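Student: what's the 3D shape of this:
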Amino acid sequence: KRAAQASNQPDVYLGVCNGQGRASDVDSNKNVSVDLKWERDWGICGVSWFDGAYTGPGGKNSRHATDAYVKFMRGQWDVQAEWADGRMLGADRDGWYIQVCQVREDRNWTPYVKYEEFSSTGPGGAMKYDAIHGGVAWQLDKNNEVTIQLTEADMNGVDDFQFGVQWQAGF
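Tutor: Presented below is the predicted three-dimensional model:
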């Protein structure tokens with residue numbers, strides 16, 4: 001979606017959830033989040049903050065994150081970047097990505113390429129991940145989208161090639 005107009009007032013999203021994802025709530029801990037998004041005439045930018053706890057087999061773990069993103073939309077090209085820093089399951093987690101896609105109003109498919117890096121250090125050791133992804137997203141109709149993606153990844157020095165297909169349905 002293209003930015004409608006520039007605004008100095010952000011859209012504000014507040015969230016409260018149980019923190020266990022799709023699992024049932026095992027305690028009274030709640031996660032809270034605040035997201036601010038600005039639509040500008042050149043694109044969209046935003047910041048997010050998240051704080052809470054996850055209770056798993058190892059007990060209660062705090063988790064928190066800070067995130068910033070920007071999406072430039074010029075003509076047929078969108079360039080999006082995001083940076084995140086946080087802590088989850090006892091590990092420090094940091095990452096970023098940049099993505100370029102070609103958006104055209106006269107077709108229902110969008111090609112893209114994305115590069116990302118992610119690192120984690122904690123009780124389980126260190127992990128470093130970087131990957132380049134390329135794919136195409138097809139908008140089948142207003143409620144259905146299919147994405148095909150190829151990924152060449154390196155995880156802790158081990159090369160990994162992946163192929164994926166995703167179907168998103170909206171109602």
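Student: which regions of this protein sit below the pLDDT cut-off?
Tutor: 1-7, 19-27 (pLDDT under 70).
Student: Any idea what the most centrally placed residue in the chain is bridged to?
Tutor: For the chain, the residue nearest the mean C-alpha position is E82 (7.8 Å; CA atoms, centre = their mean). In this entry, E82 is beta-bridged to Y69, Y97, by DSSP bridges.
Student: Is it in contact with K114, as I believe?
Tutor: No: E82 sits out of contact with K114 when judged by CB atoms under 8 Å, with a separation of 10.3 Å. No exception for glycine: its C-beta is placed from N, CA and C like everyone else's.
Student: In this structure V70 contacts W42, no?
Tutor: No: using CB under 8 Å, V70 makes no contact with W42, being 9.4 Å away.
Student: Look at the two and report which has more neighbours.
Tutor: Neighbours per residue (other CB atoms under 10 Å) separate V70 from W42, with V70 holding more: 17 against 13.
Student: Can you tell me the closest non-neighbouring residue to that one?
Tutor: C45 (4.5 Å; CB to CB, 6 or more residues apart in numbering).
Student: Going by secondary structure, that neighbour is in what exactly?
Tutor: Taking DSSP states H and E as the definition, C45 sits inside strand 43-56.
Student: can you pull the contacts of the residue nearest to V70?
Tutor: 37-38, 68-71 (CB atoms under 8 Å, 6 or more residues apart in numbering).
Student: Dump the residues you listed to CSV, plus distance to W96.
Tutor: Formatted as CSV, the contacts of C45 follow (distance: CB to CB, whole Å):
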residue, distance to W96
K37, 19
W38, 20
A68, 10
Y69, 10
V70, 12
K71, 14
